[in-house]
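Peer 1: Coordinates only, no sequence provided:
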């Protein structure tokens, strides 16, 4: 590997992943600047996700550094790493095994116990990590785990809203709507009061998308910012909202904080009902 190349390290944890990433960053300082790039993958709690992580690591030539307290999950990750030719580094397992032998007792195997000292703070961190992991429909398996699922066409503030609500300690996933791409079936299995549809006026959306195209150095004449295309997307979105049976919020000229306040009031009302 030359000095211009980077080594990608997947930081895998069944909790927030902060401890694991700190160790990797401490090691990376011993090498030339920007030699190591990390990708944190938190809340790995099932075997399928472990399979997915190893597969992705192989495809991207990544090393996996992990802190998993579940012994079976640690063993599975190491075994799959060997089978797929992916190097793995267990940052916690050896120490747990040594301490268990010395103390004569088994570890509790409960992720995140170190963070119980400040549960409120780390609930916020967990929610923020969740918002990143399940942003833009990346993994439909997160929809059932979410407290709130935001649905909308491109540039309706789904990501900023997810992050703002995460600061309020809500786990938020969001799903983009594109007429050419069918939404995940998991979306239609959710309780309607868990979903929020976002709508916006065509004129406002044209303005936002044209600015987005400019920032990317693209021509404003692109179909993405044309009225006919936008009307078709919004009509498609309304059909999806009707099928879900969810509440719909018009975000035209609303600040993220204002829309978030409406969503939080809706949640409180649904709890009272």
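Peer 2: Yep, that arrived. Please read all numbers here as calculations on a predicted model, not as lab measurements. Residues are numbered from 1 along each chain as shown.

Peer 1: Where does pLDDT dip in the stretch 51-200 of the chain?
Peer 2: 96-98, 100, 105-120 (pLDDT under 70).

Peer 1: ranges for the strands of it?
Peer 2: 63-67, 88-90, 148-152, 172-176, 195-199 (DSSP state E, counting those that start in this stretch).

Peer 1: do you know which of these lies nearest residue 24?
Peer 2: Closest to residue 24 of the strands of the stretch 51-200 of the chain is strand 63-67 (CB to CB; 5.1 Å). For every residue, glycine as well, the C-beta is placed using N, CA and C.

Peer 1: Figure out how far that closest one is from the centre of its chain.
Peer 2: In terms of CA atoms, centre = their mean, to the nearest Å, the centre of strand 63-67 is found 19 Å from the chain centre.

Peer 1: what residues does that strand touch?
Peer 2: 7-15, 17, 19-20, 23-24, 44, 53-54, 57, 74, 77, 81, 86-92 (CB atoms under 8 Å, 6 or more residues apart in numbering).

Peer 1: In the sheet, which strands lie alongside that strand, parallel or antiparallel?
Peer 2: In the sheet, strand 63-67 lines up against strand 7-13 (parallel), strand 88-90 (parallel) (DSSP bridges).

Peer 1: Any buried residues in the shortest one, and which?
Peer 2: Neighbour counts using 16 or more other CB atoms under 10 Å place 88-90 of strand 88-90 among the buried residues.

Peer 1: where does stretch 207-219 sit relative to the chain's centre, distance-wise?
Peer 2: For stretch 207-219 - counting by CA atoms, centre = their mean - the centre lies 25 Å from the chain centre.

Peer 1: show me what contacts the nearest residue to residue 172 once chain neighbours are set aside?
Peer 2: The shortest distance from residue 172 to any non-neighbouring residue, by CB to CB, 6 or more residues apart in numbering, is to residue 162 (4.2 Å). Residues in contact with residue 162, defined by CB under 8 Å, 6+ apart, are 131, 135, 150, 172-174.

Peer 1: By neighbours, which of the residues you listed wins?
Peer 2: If you count neighbours using other CB atoms under 10 Å, the busiest of the contacts of residue 162 is residue 173, which has 32 neighbours.

Peer 1: contacting residues for it?
Peer 2: Residue 173 sits next to 130-131, 134-135, 137, 142-143, 145-146, 148-150, 162 when contact means CB under 8 Å, 6+ apart.

Peer 1: okay, the residues you listed in TSV with distance to residue 38 next?
Peer 2: As requested, these are arranged in TSV below (distance: CB to CB, whole Å):
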residue	distance to residue 38
130	19
131	19
134	20
135	18
137	24
142	21
143	27
145	24
146	25
148	28
149	28
150	28
162	22
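
Peer 1: and which of these is nearest to residue 246?
Peer 2: Using CB to CB, the contacts of residue 173 come closest to residue 246 at residue 149, 8.4 Å.

Peer 1: Could you look up the SS state of the nearest residue to residue 126 once chain neighbours are set aside?
Peer 2: Leaving out its chain neighbours, the residue that sits closest to residue 126 by CB to CB, 6+ apart is residue 16, at 6.2 Å. Classification of residue 16 using DSSP: H, G, I helix; E, B strand; the rest coil returns coil.

Peer 1: before we move on, the earlier item: can I get the buried part of the contacts of strand 63-67 as one PyMOL selection?
Peer 2: Buried residues among these (16+ other CB under 10 Å), as a PyMOL selection:
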select buried, resi 9+10+11+12+13+14+15+17+19+20+24+44+53+54+57+74+77+81+86+88+89+90+91+92
